[in-house]
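Undergrad: model the structure of this input:
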Amino acid sequence: MIIKDDENSESQIITSDQILPEKLTLIPLQGRPVFPGIFTPLIINAPDDVHVVEEAYEKEGFIGIVMMKNESQESIKVSDLYRVGTAARIIKKVNLPDGGINIFISTIKRFKIKRTLHESAPMAVAVEYLEDKEADTFEVKALTRALITEMKEVSENNPLFTEEMRLNMVNIDNPGKIADFIASILNIEKEDQQAILEMTNIRERMEKVLVHIKKEQELLKVQKKIQSEINNRVEKNQREYFLREELKTIVDELGETYDGSATDYNKFKDKIEEFEFEGEIKETVESELEKFKIMDPNSAEYIGCRNFLELITQLPWKGNPYEDFNLVKAKEILEADHFGLEDVKKRILEYLAVRKMKKDSKGSILLLVGPPGVGKTSIGHSIANAMNKPFYRFSVGGMRDEAEIKGHRRTYIGAMPGKIIQGLKITKNISPVFMIDEVDKMGASHNGDPASALLEVLDPEQNVAFRDNYLDLPFDVSNVLFILTANSLESIPGPLLDRAEIIQLSGYIDQEKLEIAKKYLIPKNLIKNGLKKNQVKYTKEALLQIAQEYARESGVRHYEKQIDKIHRKIVNEVITEEELKKAEISSIKSQASEENGELSPENQSLIEEKQKEVEEIHNRRYLIQAQDLYKYLGKADFDESQLKVADIPGTAIGLAWTSMGGDTLLIEATSFAGKGGLILTGQMGDVMKESSQIAFNWSRKFAIEKGYKKAKWFDENIVHLHIPEGATPKDGPSAGITMATTFVSLLTGKKIKNHLAMTGELSLTGKVLPIGGLREKTVAAKRNKIKTIIIPKANLKDLEEIPEIVKKGINFIPVSEVKEVLQEALGIK
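TA: Numbers count the residues shown, from 1 in each chain. Model (predicted):
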């Protein structure tokens, strides 16, 4: 303070804030803002700021402390600072060895920058000092008490608050300064502190500080809870350790042996002794067992060692692998579970008969190949049931890590055995039935090739001593019956195919789907949807129409979805009608209750009648006819307009095989003026492109020889061949004669015969070569209402394998040369 003498008055005491200068030089501040009413040290290192402090200290010692907006900025101007800061007076200055200075300042009052006098160092501004508002209101006094009370709670639970801070807080009598002091010691963001510094309304400032105190209290509660949990955990571990040590001491005194894991050790030891291991297995297991005995249960390796021994004791090291099943009963199970598939059942029964005759199950691998929904997985279940063996299934579709098959090494955290060892652990049988689905969809990555790992599992020469990476011991899996499933053989590695007995499952025709629906799908789905047996019946026409117009795929999976859709709608209809009738009954009872509380005989009779109606609705029987399908299934997915028809010159129908079953292909050709050549569209593969080029060259030679076109015509016209459904990739060596017929039809202007399709590859000399997948192609042709199929003569033997129900109504014409094809299809000799 300053004492001023006046001639006409006594000496007056004037505080420093009453004579603060209107102009201040500024010191930019990093970190947090400084609030008024605080005595604090500051270290100044920047040469420009040191110069400002030296000059100010030599004069009255006033400076302005303002926080920087961006601390990473090097050259600072007034515009880079906040507009509100704190005026301070330098009380003491201490020079530092590195050229900087340490100053002790007393902060006095807030100010706001009015005008910039000098933009860069030394920054000078004209300021306006800010006065506090609403200092003596009732609310401010209440807030003052609240601040002090809440802050005491925070300071008591936080060791960072010193006793000096607590005393300072109690001794400050100005509400605004209390808020400033608390804001300066709270651990809050610098932007929030700057916002509080800029507040001149004391009430708002105190409310803002109170909010931050509450946040600090919540943070302290969470911190205290975490600290308490950690302390409890540490105390528990220490207590267990001391108790364990005491127990060991007591046992030693008694002369007995004891270990914390004695129970597990004895259990593992007894089980391992039962197996009577020999050689490497015995040596490794006993070593792990002894290691487990002396291992501290709190050590990191304890759980890994225990899991390994637990796996050892749960695997079926011993057992009777010989076959003991009744072949007649096996046939009954296959017949009961599956309709049709006679050739498949026959081959499975032959396979099982050989196993029983040999009394040897080693090297048994079946590969079921067919489109989705034809019953590959369910056949696996039936084989397991027929052989009285446990069944374990897993899929390798999309698998890219060989560790899924062979397991992880035990050195890794979270290591697990592979699927093969896991399956043996679950089935607890030395010769179970393992089904490995989707073997044609495995991939490879930097984690290895699962297909290669599977070779070791399936190879009869190697799987007698299969080594899982986790187990790292030889385990005999040669007694396991492996059943693999796939949609296609193309992507399966050759060595894997060599190890398997391949059984093809082709698609179902409409009549087969009808029988499957009647015997299997409908009864199963009635139970699934809560309906009674025979509550919903279907006419033969309705079931056939579902197959023809709503589920035309090779399998019956989509067919079952359509049945399920019908039953869901029936259940919805039944429940809705029941609830409406029950609502009517409730309404009658409610009305009677409001009138006199008793039911009249008329109302009682009406309720009984409604209840009978509810029961009738619940037990109502439905007969689904062909005309009802639109009501339940909506518009048909397929109709007659979608049948593929070659009704103009330059078109022909071919037959193709895909992983989804057989399919029909409509091949189109046209010509237009140009410089000659052949254009191909429709996403053809390389093999099909080569076939089309051979067919075009043969057809060109044939047309010139027969006089249908002159050679000059092919130089002046472009021929365009297209296979519709361009979004679907197409490839394979069976469309050669179809393409040749399409070209010749275009060149001669003749249409092929109605309801005729063909399949066969073409050589450059006009020979018709054999193809595969004839059964699937025949099923697809029948679905497309084809009456005549031209096939290679070399495929005549395959007709014997096609069931009569599939061949019925179709005329097969065998050919050996493409000229025979043209004669049958176009009438050209």
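Undergrad: which regions of the stretch 151-300 of the chain sit below the pLDDT cut-off?
TA: 156-173, 248, 251-262 (pLDDT under 70).
Undergrad: mind listing the helices for the stretch 1-150 of the chain?
TA: 47-58, 138-157 (DSSP state H, counting those that start in this stretch).
Undergrad: C-alpha coordinates for the first one, PDB please?
TA: Presented in PDB, the C-alpha positions along helix 47-58 are these (Å, rounded to 0.1, in the frame of the first residue of the first chain):
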ATOM      1  CA  PRO A  47      14.900 -13.200 -23.700                       C
ATOM      2  CA  ASP A  48      12.100 -10.800 -24.800                       C
ATOM      3  CA  ASP A  49      10.100 -11.600 -21.600                       C
ATOM      4  CA  VAL A  50      13.200 -11.300 -19.400                       C
ATOM      5  CA  HIS A  51      13.800  -7.800 -20.900                       C
ATOM      6  CA  VAL A  52      10.100  -6.800 -20.100                       C
ATOM      7  CA  VAL A  53      10.500  -8.000 -16.500                       C
ATOM      8  CA  GLU A  54      13.800  -6.100 -16.000                       C
ATOM      9  CA  GLU A  55      12.300  -2.900 -17.200                       C
ATOM     10  CA  ALA A  56       9.100  -3.300 -15.200                       C
ATOM     11  CA  TYR A  57      11.000  -4.200 -12.000                       C
ATOM     12  CA  GLU A  58      13.100  -1.000 -12.300                       C
END
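Undergrad: packing partners of it?
TA: Counting contacts by 3 or more Cβ pairs under 8 Å, 6 or more residues apart in numbering; DSSP states H and E, helix 47-58 packs against strand 23-29, strand 62-67, strand 84-95, strand 101-118. For the C-beta atoms, the positions are set from N, CA and C on the backbone; glycine is no exception.
Undergrad: in the last one, what counts as buried?
TA: Going back to what we said before, that points to strand 101-118. Residues of strand 101-118 classed as buried: Ile101, Ile103, Ile105, Ser106, Thr107, Ile108, Lys109, Arg110, Phe111, Ile113 (neighbour count, 16 or more other Cβ atoms under 10 Å).
Undergrad: next one: the first one
TA: Of all the residues in strand 23-29, those buried under the rule 16+ other Cβ under 10 Å are Leu24, Thr25, Leu26, Ile27, Pro28, Leu29.
Undergrad: tell me the mean pLDDT over that strand?
TA: What strand 23-29 shows for mean pLDDT is 89.
Undergrad: adjacent strands (with direction) for it?
TA: Partners of strand 23-29 in the sheet, by DSSP bridges, are strand 62-67 (parallel), strand 124-129 (antiparallel).
Undergrad: closest one to Ser378 among these?
TA: Closest approach to Ser378 among the strands paired with strand 23-29 is made by strand 62-67 (75.4 Å; Cβ to Cβ).
Undergrad: what residues does the closest one touch?
TA: Contacts of strand 62-67 with the rest of the structure, by Cβ atoms under 8 Å, 6 or more residues apart in numbering, involve 20-21, 24-34, 42, 52-53, 56, 81-82, 84-90, 105, 107, 111, 113, 125, 127, 190, 194.
Undergrad: would you tell me which one of the helices of the stretch 1-150 of the chain is buried the most?
TA: Highest mean neighbour count among those (mean count of other Cβ atoms under 10 Å): helix 47-58, with a mean of 17.
Undergrad: pLDDT of that helix, averaged?
TA: Helix 47-58 shows an average pLDDT of 86 in the prediction.
Undergrad: next one: stretch 121-139
TA: The average pLDDT for stretch 121-139 rounds to 82.
Undergrad: buried residues of that stretch, list them for me.
TA: Ala121, Met123, Ala124, Val125, Val127, Leu130, Asp132, Glu134.
Undergrad: show me the two of the residues you listed that sit farthest apart.
TA: Ala121 and Glu134, at 38.2 Å, using Cβ to Cβ across the buried residues of stretch 121-139.
Undergrad: okay, angle between the lengthiest helix in the chain and helix 138-157 too, please.
TA: The longest helix of the chain (DSSP state H) is helix 202-254. Relative orientation of helix 202-254 versus helix 138-157 (axes from the mean of the first three to the mean of the last three Cα atoms, to 10 degrees): 20 degrees.
Undergrad: ok, then the element right after helix 202-254?
TA: Later in the chain than helix 202-254, the nearest helix or strand by DSSP states H and E is helix 262-275.
Undergrad: picking that back up, need the helices of the stretch 1-150 of the chain in TSV (columns: distance to Gln604).
TA: Formatted as TSV, those follow (distance: least, Cβ to Cβ, whole Å):
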stretch	distance to Gln604
helix 47-58	100
helix 138-157	70
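Undergrad: just so I know, which of these lies nearest Arg203?
TA: Arg203 lies closest, by Cβ to Cβ, to one member of the helices of the stretch 1-150 of the chain: helix 138-157, at 5.5 Å.
Undergrad: which helices and strands sit right next to the closest one?
TA: Using 3+ Cβ pairs under 8 Å, 6+ apart, helix 138-157 sits against helix 163-171, helix 175-185, helix 202-254.
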